[in-house]
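Participant: sequence first, predicted model second:
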Amino acid sequence: MNQIADLHTHTKASDGTCDPAENVRLAKEAGLAAVAITDHDTVAGVPAAMQAAAELEIEVIPGVEVSSVGRGQDIHVLGFFVPYDDAAFQERLVSLRETRQERNKLLIARLQELGIPITLENVYRRKQGTDKNIGRPHIAEELVELGVVSSIDEAFAKYLGKEGAAYVNPPRITPQEAITLIKEAGGAAVLAHPGLYDADDLVQELIAFGLDGIEVNHPDNDAEQRARYTAWANEHGLVMTGGSDFHGWRGEEPFHAMLGSHTASLEAVERLRAIAADRKAK
């Protein structure tokens, strides 16, 4: 078994297409020692993944990807070793999902204003899984189904991405608040896919605020960015993480990347575990 872990994967609990147990199976087949379940603003997929992992003798790291807004764009913060069975933490995530639902309504309304015959009801009807935690990929799938675009990528480029014609961003917690939420819950806070933000000064600001780590190895970080984030991690003593951001399948292709294709060391996992354990002990 490789001494590595994929620390960024999604399931049907948010906008992935696989059951949590399938993510665990794929991680085992990839030879990983551990896999994190990091669904958007929910820990609903963690218990099923834990159960599957016990049978396959692989570690599941309970995680979450918290949605926030900084400087007018989505900023995501990964939380590791979070208290997934804690009612107060789960309730805090409910409010984040409610904001996501409001964003979905605004997105649909904007698309309708553009003359696209899409409804939120049909998007929700297509969603399968542990809850109705709808995200932009589900809306993108509906746009493909309607023939408005030919691919998920085109849907984001033309309509749903931050340069898209229908992009909206209702008020959300700030990245600093997301970091605080995770740390106060006893988890370790890591900035997700910093290469997507095109805002290195913001990344530096969040490092200074108190990030525990930075996602260096991600399919959307290019080689130059990975080198830069590695240098910053070394300079500031941050944990360097990595993950595929696997969302399951779009047709026959994995989205964003295949589970296990981007990883972190088990040393990074142990550092995250120690950070979280220390917080929970206080």
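Facilitator: Right, received. Where do you want to start? Residues are numbered from 1 along each chain as shown.

Participant: which parts of the stretch 1-150 of the chain are helices?
Facilitator: Secondary structure of the stretch 1-150 of the chain (DSSP state H, counting those that start in this stretch): helices at 20-29, 46-56, 87-113, 120-126, 136-145.

Participant: the second one: which residues count as buried?
Facilitator: The neighbour-count criterion (16 or more other CB atoms under 10 Å) identifies 46-50, 52-53 as the buried residues of helix 46-56. C-beta coordinates here come from the backbone N, C-alpha and C atoms, glycine included.

Participant: and the helices of the stretch 1-150 of the chain: which comes nearest residue 242?
Facilitator: Comparison of the helices of the stretch 1-150 of the chain against residue 242 by CB to CB identifies helix 20-29 as nearest, at 13.6 Å.

Participant: list the buried residues in that closest one.
Facilitator: Quick answer for helix 20-29 (16+ other CB under 10 Å): 20-28.

Participant: now for it, which elements pack on it?
Facilitator: If you count contacts as 3 or more CB pairs under 8 Å, 6 or more residues apart in numbering; DSSP states H and E, helix 20-29 packs onto strand 34-37, helix 46-56.

Participant: closest to residue 229 out of those?
Facilitator: strand 34-37 (18.4 Å).

Participant: in its sheet, which strands sit next to that closest one, and in what direction?
Facilitator: strand 4-6 (parallel), strand 59-70 (parallel) (DSSP bridges).

Participant: circling back to that earlier point, can you redo the buried residues of helix 20-29 as TSV with pLDDT and distance to residue 181?
Facilitator: Formatted as TSV, the buried residues of helix 20-29 follow (pLDDT from 0 to 100; distance: CB to CB, whole Å):
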residue	pLDDT	distance to residue 181
20	97	23
21	98	28
22	98	28
23	98	24
24	98	26
25	98	31
26	98	29
27	98	27
28	97	31
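
Participant: and which of those residues is nearest to residue 90?
Facilitator: residue 20 (16.1 Å).

Participant: contacts only, for the residue nearest the centre of the chain.
Facilitator: Centroid-nearest residue in the chain: residue 65, 4.2 Å away (criterion: CA atoms, centre = their mean). The neighbours of residue 65, taking CB atoms under 8 Å, 6 or more residues apart in numbering as the test, are 8, 10, 14, 38-41, 76-79, 192.

Participant: mind redoing it with 6 Å?
Facilitator: 38, 40, 76, 78 (CB atoms under 6 Å, 6 or more residues apart in numbering).

Participant: and if you look at residue 104?
Facilitator: Taking CB under 6 Å, 6+ apart, we find residue 104 in contact with residue 134.

Participant: just to revisit the earlier point, for residue 114, find the nearest of the helices and strands packed on helix 20-29.
Facilitator: So among these, strand 34-37 is nearest, using CB to CB, at 35.2 Å.

Participant: tell me the mean pLDDT over that closest one?
Facilitator: Mean pLDDT, strand 34-37: 98.

Participant: thinking again about what came up before, closest to residue 217 among the contacts of residue 65?
Facilitator: Using CB to CB, residue 78 comes nearest to residue 217 of these, at 12.8 Å.

Participant: for the closest one, name its beta-bridge partners.
Facilitator: Residues in beta-bridge contact with residue 78 (DSSP bridges): residue 65, residue 190.

Participant: if I read this right, it contacts residue 192, doesn't it?
Facilitator: Yes: under the criterion of CB atoms under 6 Å, residue 78 makes contact with residue 192 at 4.9 Å.
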